[in-house]
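S.K.: Compute the structure for the input listed below.
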Amino acid sequence: MKKILIIEDDDALCWLLTKILSLKYDVSVMNNGMEAMGWLTEGNFPELIISDLNMPSLNGMELLENIRSSGFLREIPVIILSGDENPAHKRQCLDLGAYKYILKPFQPDFLLEEVVKALEEQENAVVLKTL
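M.R.: Next comes the predicted model:
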């Protein structure tokens, strides 16, 4: 079962995301970017990360920068889930390598489709690297 890391400081949204995703995936939840980076550096490697943008300790943008600068973590797709409609923030996240920037509130079916696409692209990229 593929592992997804959710990084979100809103408990109700954590519950909803876990409910939606845990039917098909092994889901881990962290409440801020600093907690998530600690978990990742302990050797936990999810196939996908879904992160809020505005969080305490280490926000989604800083988290994305850390992930992309890491040799071990840089290939993990990251979906940013945010209520921030600022086009400059969206562009900055995508420029830093976010797979998608999805605005809250979101349709659960749409999120599931994007998760499937991200995981398929990740799997295809791994296959291509081994050829």
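
S.K.: Would you map the helices across this structure?
M.R.: 11-21, 33-41, 60-68, 87-95, 108-130 (DSSP state H).

S.K.: Mind putting those into CSV with mean neighbour count?
M.R.: For every residue, glycine as well, the C-beta is placed using N, CA and C. Formatted as CSV, the helices of the chain follow (neighbours: other Cβ atoms under 10 Å):
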stretch, mean neighbour count
helix 11-21, 15
helix 33-41, 19
helix 60-68, 21
helix 87-95, 14
helix 108-130, 13
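
S.K.: Reformat those helices into JSON lines and put mean pLDDT and distance to Ile80 next to each item.
M.R.: Shown next, in JSON lines, are the helices of the chain (pLDDT from 0 to 100; distance: least, Cβ to Cβ, whole Å):
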{"stretch": "helix 11-21", "mean pLDDT": "96", "distance to Ile80": "13"}
{"stretch": "helix 33-41", "mean pLDDT": "95", "distance to Ile80": "12"}
{"stretch": "helix 60-68", "mean pLDDT": "93", "distance to Ile80": "6"}
{"stretch": "helix 87-95", "mean pLDDT": "96", "distance to Ile80": "5"}
{"stretch": "helix 108-130", "mean pLDDT": "86", "distance to Ile80": "11"}
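
S.K.: Point out the one among these that comes closest to Tyr101.
M.R.: With Cβ to Cβ as the criterion, Tyr101 lies closest to helix 87-95 of those, at 4.6 Å.

S.K.: can I get the CA coordinates of the closest one in PDB?
M.R.: C-alpha atoms of helix 87-95 as PDB (Å, rounded to 0.1, in the frame of the first residue of the first chain):
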ATOM      1  CA  PRO A  87      -1.300  33.800  -7.700                       C
ATOM      2  CA  ALA A  88       2.300  34.700  -6.800                       C
ATOM      3  CA  HIS A  89       2.300  32.100  -4.000                       C
ATOM      4  CA  LYS A  90       0.900  29.500  -6.300                       C
ATOM      5  CA  ARG A  91       3.500  30.300  -9.000                       C
ATOM      6  CA  GLN A  92       6.300  30.200  -6.300                       C
ATOM      7  CA  CYS A  93       5.200  26.800  -5.100                       C
ATOM      8  CA  LEU A  94       5.000  25.400  -8.700                       C
ATOM      9  CA  ASP A  95       8.400  26.900  -9.500                       C
END
